[in-house]
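Novice: Curious how this folds, go ahead:
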Amino acid sequence: MKNYKQRLIRAAEGFSDLINMIIVGAMLLVTVGVGGFFIRDILIVFQSGFTDGITEEFASLLLLWVLAELIHTQIAYLKGGPLDVRIFVIVAMVAFLRKMMVVSLKIDKATMTFSDVMLLFYPMLSVLALGVVYWLIGRGGCGVVGLRGESDAAPEN
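Specialist: As a prediction, the model looks like this:
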């Protein structure tokens, strides 16, 4: 029975490694695609003017940064390092910040309505909540998780 469990565990670990490699490969492909959007957005800035294209340029740059951080975290995990779950909170914060930036630049300030204000308020509230979550994770010492799910934080006496 023990031999059966060990083989099952090895098979599950191999499958997990395969899934993680597929995730890294997919992130690399997406990063190449976003890099293409980034280059396209640079061309838009030069063709249609600074104010029209800068929003899209900055949004693409934020996506590239997020993908680079996720790839870095995944590679460190695949090398046997701990998984820093705080990176996922940061990714969510950047996504909401990106949304706020894009929406705020597209809203006509002269004719702003209550619904326009709410389009900015909800992402701001989300960023605030995620900031609190990030702070709590860091303060609690549970932001880094080992390979088997154990926290790498020192146990309290």
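
Novice: Show me what the longest helix seen in the chain packs onto, helices and strands only.
Specialist: The longest helix of the chain (DSSP state H) is helix 2-48. Packing partners of helix 2-48 (3 or more C-beta pairs under 8 Å, 6 or more residues apart in numbering; DSSP states H and E): helix 50-78. Where C-beta positions appear, they are placed from N, C-alpha and C, glycine not excepted.

Novice: what helix or strand does the residue nearest the centre of the chain sit in?
Specialist: Centroid-nearest residue in the chain: residue 91, 2.7 Å away (criterion: C-alpha atoms, centre = their mean). Using DSSP states H and E, residue 91 sits in helix 86-106.

Novice: Verify the contact between residue 97 and residue 63 for me.
Specialist: No: the pair residue 97 / residue 63 is not scored as a contact, 11.8 Å apart, by C-beta atoms under 8 Å.

Novice: who's more crowded, the two?
Specialist: More neighbours surround residue 63 than the other of residue 97 and residue 63, with 20 against 16 (other C-beta atoms under 10 Å).

Novice: show me the contacts for the closest residue to that one other than its chain neighbours.
Specialist: Spatially, and ignoring its direct neighbours in sequence, residue 63 is nearest to residue 34 (4.8 Å; C-beta to C-beta, 6 or more residues apart in numbering). Counting by C-beta atoms under 8 Å, 6 or more residues apart in numbering, residue 34 touches 60, 63-64, 67.

Novice: Whichever of the residues you listed end up buried, select them in ChimeraX.
Specialist: Filtering the contacts of residue 34 down to the buried ones (16 or more other C-beta atoms under 10 Å) takes a single ChimeraX command:
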select :60,63,67
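
Novice: pLDDT and distance to residue 73 added to the contacts of residue 34, as a markdown table?
Specialist: As requested, the contacts of residue 34 are arranged in a markdown table below (pLDDT from 0 to 100; distance: C-beta to C-beta, whole Å):
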| residue | pLDDT | distance to residue 73 |
| --- | --- | --- |
| 60 | 79 | 21 |
| 63 | 84 | 16 |
| 64 | 88 | 15 |
| 67 | 88 | 11 |
